[in-house]
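Undergrad: coordinates only, sequence not included:
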């Protein structure tokens, strides 16, 4: 059963960059779905703010189009969409100047939760934060939501944090990573810390290795200019994969509270060993018959930026000493799939003889698509003729387990925005956590830049460069297949 919906307090949510792609695809449709589910109170208000010279009616038309296109079409025919649009206003605001701020202030009401979503580039964070304080829109109870990237390196991350902290306390700043809002990611914590079955086995004594894969079929698309300055390491590993690694590896927090959880995640990042350059593989997708390659997409024929990265990491603490973590992410791969695989060790002694083969248990957590979990167990193959062993899955997918109600599970952005309104920072990154991640990432990037390394080419629709396969084969292991 899907849990009951608990309404949040009345709020005023201002979305800066409200006419941008993220707002249209994720934020506004997500708010509409929360409204349809009854979680948004009657007197909640959403105020769009952007440079576009648009009135409220024009913005409402844009919101209606976005919800029809990206909101799954829910309740669009029975008047619910119209009721939702009544709660929406718009003001044209100059983020770098003085225009529109006094008018924006008139939309905000005393006695309600005030949240400001910075759906804009990091270059505007400081200007927005300063003007929110200068014009009296924000106070010490207000909340600000900032999107990644949280800096380009350690120095820029420190500068960005310092800028935000000039105007807001750390407990007012919500650094959003939508991966942490995924239902399966949170279920990972429930599986680990809510079941006696797994926690005693969750350590180097029983786990052979852990694989984290985030594979995409798309190319860099219209993000070529940004991506060529970032690459897969900055765009994916430093944030998304790092967060998944922390949740897999962290110690049980004392309580499921923001600082307790984030303290344990920070310990994991600080315990990560420097990565040997022999344990890193970078790749760049080639052209195929129908599409140009990476360098054509970013319009840089000499680009040495990676669209794929795989690496072997170690965590120096008592729980994980000696257990490798293999991370892999890339674009233009065989399938769109995000998976965490906990591969347990073989049984210490097989009583069935060599003809039975070798078998090991694997807990697979699928983040997308088809969110769910699978535990591979070994059983006897049916039929006469001896003891032949086969691996079969104990499978739990949300779509099958919950039936039609699975469609009601909130999207990551829906959950996280409601957590902002509640004032719950558990699933948001803290400033010191971001800086620690960059402190680990920067030497890796500096290393391959100083060596002048060029990414290995790989075929679109493959699993990445052959060198990534060898990264595992040298250890007598193999990557799990990338498949839907």
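TA: Yes, it's here. Since we're looking at a predicted model, the values are computed, not measured.
Undergrad: residues making contact with stretch 54-63?
TA: 18-19, 24, 28, 32, 48, 85, 88-90, 92 (Cβ atoms under 8 Å, 6 or more residues apart in numbering). Any C-beta I mention is one placed from the backbone N, CA and C, and that applies to glycine too.
Undergrad: Could you work out the most separated pair of those residues?
TA: Farthest-apart pair in the contacts of stretch 54-63 is 32 and 92; separation 22.6 Å (Cβ to Cβ).
Undergrad: From what I see, residue 420 and residue 143 are in contact.
TA: Yes - counting by Cβ atoms under 8 Å, residue 143 is a contact partner of residue 420 at 5.5 Å.
Undergrad: Between residue 32 and residue 92, which is the more surrounded one?
TA: residue 32 (29 against 18; other Cβ atoms under 10 Å).
Undergrad: Checking that one next. Helix, strand or coil?
TA: helix (DSSP: H, G, I helix; E, B strand; the rest coil).
Undergrad: Endpoint to endpoint, stretch 119-132 covers what distance?
TA: This stretch, stretch 119-132, spans 15 Å end to end (Cα to Cα, to the nearest Å).
Undergrad: Now do the same for it: mean pLDDT, whole number.
TA: Averaging pLDDT along stretch 119-132 gives 90.
Undergrad: same thing with stretch 374-383?
TA: Here the average pLDDT along stretch 374-383 is 80.
Undergrad: can you start the count at 433 instead of 1 from here on
TA: In the new numbering, first residue 433, that becomes stretch 806-815.
Undergrad: so how far is it from its chain's centroid?
TA: Offset of stretch 806-815 from its chain centre (Cα atoms, centre = their mean, to the nearest Å): 33 Å.
Undergrad: residues of that stretch that come out buried?
TA: Going by neighbour count (16 or more other Cβ atoms under 10 Å), the buried part of stretch 806-815 is 806-808, 810.
Undergrad: Identify the farthest-apart pair in those.
TA: Going by Cβ to Cβ, the pair spanning these furthest: 806 and 810, at 13.9 Å.
Undergrad: Chain neighbours aside, what residue packs nearest to residue 641?
TA: residue 756 (4.8 Å; Cβ to Cβ, 6 or more residues apart in numbering).
Undergrad: Residue 728 too?
TA: That would be residue 719: by Cβ to Cβ, 6+ apart, it lies 6.8 Å from residue 728.
Undergrad: doesn't residue 793 make contact with residue 806?
TA: No - counting by Cβ under 8 Å, residue 793 is not a contact partner of residue 806; they are 10.8 Å apart.
Undergrad: picking that back up, now the residue nearest to residue 728: which helix or strand?
TA: Assessed by DSSP states H and E, residue 719 sits outside every helix and strand.
Undergrad: Same question for residue 478.
TA: Going by DSSP H and E, residue 478 is in strand 477-482.
Undergrad: just checking, next helix/strand downstream of that strand?
TA: Assigned by DSSP H and E, the successor of strand 477-482 is helix 488-502.
Undergrad: Pull out the buried residues from that next one.
TA: 491-492, 494-496, 498-499, 502.
Undergrad: All set, thanks.
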